[in-house]
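quick one, what's the 3D model for this:
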Amino acid sequence: MKVATLLVAATASSAVCGSAWTEMPLLRHDRKHEHERSAAFELRLLHARYARHSPIPVRRDQAPASHAPLSALDADALINFGANTFYTQIFIGSQQQSFLLDIDTGSSHLWIPSHECTPCAGASPRFNPAKSASFVITNNSYLHAVQYGTGSVIGYDAEDTVTWGSSVVHNQTMMVVTNEDSIMRLSLGIHGDGILGLAFEDGLSVGSHHDTLLYNLAAQNQLSTPVVSIWLNQSDVASNAEPSAHSGRILFGGADPTLYWGDFHFFPVMSIQGYNADGTKTNAYYWAVQATSLSVGRRRNVIAPAGTILIIDSGTSVMTMERASHQLLIDALNDDGQNITVSPDGTKHVNCSTIKAMPNVTFNIAESVPFVFSFQDYVIADPTGGEDCTLAFQPFTATAGPDGPNIWIVGTVFLSKYYTLFDLKNMQVGFALAADGMTPGMGTPLDAATLANAASRYRNQSTNSVAWRQVPVGLSAVWSYFVVLVVGWMIG
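Residues are numbered from 1 along each chain as shown. As a prediction, the model looks like this:
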């Protein structure tokens, strides 16, 4: 089987970003049978995560009961049970208690369920602090709440040793959860145990508060290059009964050239101010870049409102934009001959028998090459096998502060098409066309110097962060650009 061949080959050590790396699988949770996990449910979760007037998570001891305020390369396999939530296995404590955690680039906390948690999701044994000699409580067992887009949890802060692949991080901040609400349990399903947050959180800025495991891997010299990259397998087939160990890869310290084609295209992280978990201010919490427009086929262009910011959030699957831009997108699809309908919950649908005629939709980020999505990428099949397909593009309005720019959000639908690299040191996000899981890619290898050069080149083009331009790395970027344009012309 070609997928297995590719992924087994990828477990070998290689030299990327100046160090040896190992790869391990992602696990994917099956929600296709759960009607609650519809596009409407995703939008409700996003409303809980992102504030209309505050773009950052609330302090953990101030979370409201119902919603958050809206205003050396190492790799681990991503595990999947058939839909769009991806898990990785980590080990906590001196006896390495095992957990499956949801990979979430839209939050910064790591949390696991306590052995005292009732009720909690997941099938793994709960965490027992008494079995870990390295466990330390950091706030006198004070219980507080954390509100996510995927529900809320209550627990206390602690530190312990975390083992992830071949890397060991000491004194990792985490939350030991004693209660999960029903939405969180539904979101995690029967397999997921907790969440692993990988938000930008001011990168490597000295003096800032940092919670993430990625930051601590870098701070404790576990990585030669402080980056993480995520590849999701487009060809993966999994079910709730038969989880797949071939759902994707999460790599710390670099990128695997067999998992992408051509070059990465890099964009600077845009500032969205807010507050960290401890109440300190952060200048840039999310992995966010500048959005310019959407193109529909070869005829229509939907211009993003000035200053629009695009957040890359692996904790969701849909792609969202504010209602005005979304309506322009729907109008363009209808003008192209489609009949987009609106369900009672407000989500947008299309008859599955007509989707092959749907045009390409292209994200234009900064002044980059286009990031193209065909109907196969942005239409979600009817989970019942019927003719009611759902658009991955859905309306959702959020702003970076009361008078701040609009926020667009992309999740695993985007990440499945484009291998994504998150660079803490150089404060940038890179995208490359992902290998499909059937044929190994032939990407241009990355190293620390290449990453630094990409950052310095776009910063030298302008001192205005909003006007920073993406600069392709390497000559093969020209070929990548040509291929995307030709494919877009042929299909769109």
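
contacts, neighbours, all on C-alpha from now
Fine.

mind checking how far the residue lying closest to Asn339 once chain neighbours are set aside is from Gly165?
Leaving out its chain neighbours, the residue that sits closest to Asn339 by CA to CA, 6 or more residues apart in numbering is Val350, at 6.4 Å. Val350 sits at a distance of 43 Å from Gly165 (criterion: CA to CA, to the nearest Å).

just Glu387 next, same as before
Glu387 sits 43 Å away from Gly165, going by CA to CA.

and the two? Which one has more around it.
Higher neighbour count among Glu387 and Gly165: Gly165, with 20 against 15, using other CA atoms under 10 Å.

ok, Met175 touching Trp111?
Yes. The criterion here is CA atoms under 8 Å, and Met175 meets it with Trp111 at 4.5 Å.

looking at those two, which has the bigger crowd around it?
Met175 (26 against 23).

which strand or helix spans that one?
If you go by DSSP states H and E, Met175 is part of strand 167-180.

neighbouring contacts of that strand?
For strand 167-180, contacts defined as CA atoms under 8 Å, 6 or more residues apart in numbering pick out 74, 109-121, 127, 151-163, 211-213, 216-217, 220, 222.

which parts of the next helix-or-strand element following that strand are buried?
Counting by DSSP H and E, the element after strand 167-180 in chain order, helix or strand, is helix 182-188. Residues Ile183, Met184, Arg185, Leu186, Ser187, Leu188 are the ones in helix 182-188 that count as buried (16 or more other CA atoms under 10 Å).

and the closest residue to the last one other than its chain neighbours, how far is that from Glu159?
Leaving aside its sequence neighbours, Leu188 sits nearest to Ala121 (CA to CA, 6+ apart; 6.3 Å). As defined by CA to CA, Ala121 lies at a distance of 22 Å from Glu159.

endpoint to endpoint, stretch 203-210 covers what distance?
Across stretch 203-210, the terminal residues are separated by 8 Å (CA to CA).

give me the low-pLDDT residue ranges for the chain?
1-25, 27-84, 149-150, 237-245, 274-279, 368, 460-492 (pLDDT under 70).

if we use 50, what do you get?
Across the chain, residues meeting the criterion (pLDDT under 50) sit at 1-20, 22, 30-37, 51-74, 82, 462-492.

find the centremost residue of it, please.
Central residue of the chain (CA atoms, centre = their mean): Ser314, 2.0 Å from the mean position.

now that one, what are its backbone angles?
Note on Ser314: backbone dihedrals following degrees, to the nearest 10 are phi -70, psi -10.

wait, it sits on Gly411?
Yes. Counting by CA under 8 Å, Ser314 does reach Gly411; the two are 4.9 Å apart.

for whichever helix or strand Ala324 is part of, buried residues please.
Per DSSP H and E, Ala324 falls inside helix 323-335. Within helix 323-335, the residues that count as buried by 16+ other CA under 10 Å are Ser325, His326, Leu328, Leu329, Ile330, Ala332, Leu333.

what about the last one, distance to Thr280?
To tie it back to what came earlier, the one meant is Leu333. Leu333 sits 44 Å away from Thr280, taking CA to CA as the criterion.

one more: the second one?
With distances taken as CA to CA, His326 is found 34 Å from Thr280.

now the fifth one
When CA to CA is the yardstick, Ile330 and Thr280 sit 41 Å from each other.

quick revisit: so which of the contacts of strand 167-180 are in helices?
Among the contacts of strand 167-180, the ones falling in helices (DSSP state H) are Leu213, Asn216, Leu217.

of these, which is the nearest to Asp447?
Leu217 (17.9 Å; CA to CA).

surely the closest one meets Leu223?
Yes. In this structure Leu217 lies within contact range of Leu223 using CA under 8 Å: 6.3 Å.

now find how far off-centre stretch 162-174 is within its chain.
The gap between where stretch 162-174 is centred and where its chain is centred comes out at 21 Å by CA atoms, centre = their mean, to the nearest Å.
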